[in-house]
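Chemist: Please find the sequence and the predicted model below.
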Amino acid sequence: MKKEDIENHYTSMKETWEKRQEELKQYVAECEKKIYMSPFELHYCTFYYEMTRALEFGFGKLDQWNDEMEEKEKIRLVTSHGKLSAKHFIYDERGNGFFINFEHAKDASPIYDLVSFYFRTLRTYPVTTYDSYEWFSTYEKHFALREEERLLLHSYLAFPEPLYQCIVQYRQHKESKTELEHMQSFIRAYWLTKNIEQLNIKIFEVDQQKKMAAEAAAQAQANE
């Protein structure tokens, strides 16, 4: 991997996200100038602060990933499934699991399947359990992510892309749906974003606990 390729990816992602961040900022300013906001605009302004916090976390992890990659000359590519789904995973009579349907398979980063899988699977009502983290934990028992891969995973999961796309749809194609339909799409996107956020925070918290435990163990060993 050439250093220029890593820099180009970092620059491209950051410029794209910064542009979208500015669009969101400008739109909330437009909405707040109105005497009477539409239901969609009101909900957007209500959730805007949460979106900015998610953006800050995503930018932070993207910057950390770039710093981590400065000394690296290679990145890991794997054969990804391409459309990971519970429907594409079967068990034999001995309980061994196998993936099927590899027509979308390609070489990609290990996080490719994880990101696309969660954005599809968590598109549901708010999830209060940690099943999504248990899937991740089980995955890592067989295919542990490297530090730079974890940072990029956090970054990709943090960006509120579903909400951004709903806002673009509302601003540019408002007449394509009723206000109610736009609101329904926005709420579903909000649920998806919060489900992914819950997973992202859980992965981060567990990683931090492991690091603290390892540091404590190392300190205790040094004091003996």
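Modeler: Alright, I've got the coordinates.

Chemist: C-alpha from now on. contacts and neighbour counts both.
Modeler: Will do.

Chemist: now the helix or strand of the chain with the lowest mean pLDDT, how far from the chain's geometric center?
Modeler: Evaluated with mean pLDDT, DSSP states H and E, the helix-and-strand set of the chain has its lowest mean pLDDT in strand 97-99, which scores a mean of 82. For strand 97-99, the distance from its own C-alpha centre to the chain's C-alpha centre is 25 Å (C-alpha atoms, centre = their mean, to the nearest Å).

Chemist: now do stretch 51-64
Modeler: Relative to where its chain is centred, stretch 51-64 has its mean C-alpha point 11 Å off (C-alpha atoms, centre = their mean).

Chemist: gap between the spatially most central residue of the chain and Ile75?
Modeler: Of all residues in the chain, the one closest to the mean position by C-alpha atoms, centre = their mean is Leu157, 0.8 Å from it. Remark: distance between Leu157 and Ile75 (C-alpha to C-alpha, to the nearest Å) = 20 Å.

Chemist: Same check on Pro162?
Modeler: Going from Pro162 to Ile75 by C-alpha to C-alpha gives 28 Å.

Chemist: Neighbour count: the two, which is higher?
Modeler: Under the neighbour definition other C-alpha atoms under 10 Å, Pro162 and Ile75 were set side by side, and Pro162 has more, 18 against 13.

Chemist: name the element that one belongs to?
Modeler: Under the criterion of DSSP states H and E, Pro162 resides in helix 161-172.

Chemist: ok, now which ones touch Lys202?
Modeler: When contacts are counted by C-alpha atoms under 8 Å, 6 or more residues apart in numbering, Lys202 touches Tyr133.

Chemist: Helix, strand or coil: sort out it for me.
Modeler: Each residue gets one of three states, and Lys202 gets helix by DSSP: H, G, I helix; E, B strand; the rest coil.

Chemist: per-residue confidence at it?
Modeler: Per-residue confidence (pLDDT) for Lys202: 92.

Chemist: Likewise for Glu32?
Modeler: 94.

Chemist: Tell me, how many residues neighbour it?
Modeler: 13.

Chemist: Which residue, other than its chain neighbours, is closest to Leu145?
Modeler: Once flanking residues are discounted, Leu145 sits nearest to Pro110: 7.4 Å by C-alpha to C-alpha, 6 or more residues apart in numbering.

Chemist: what about that neighbour, neighbour count?
Modeler: Using other C-alpha under 10 Å, Pro110 has 20 neighbouring residues.

Chemist: repeat for Lys25
Modeler: When neighbours are defined as other C-alpha under 10 Å, Lys25 has 14 of them.

Chemist: again with Leu122
Modeler: Neighbour count of Leu122, defined by other C-alpha under 10 Å: 18.

Chemist: what does the model give Thr129 for pLDDT?
Modeler: Thr129 is assigned 65 on the pLDDT scale.
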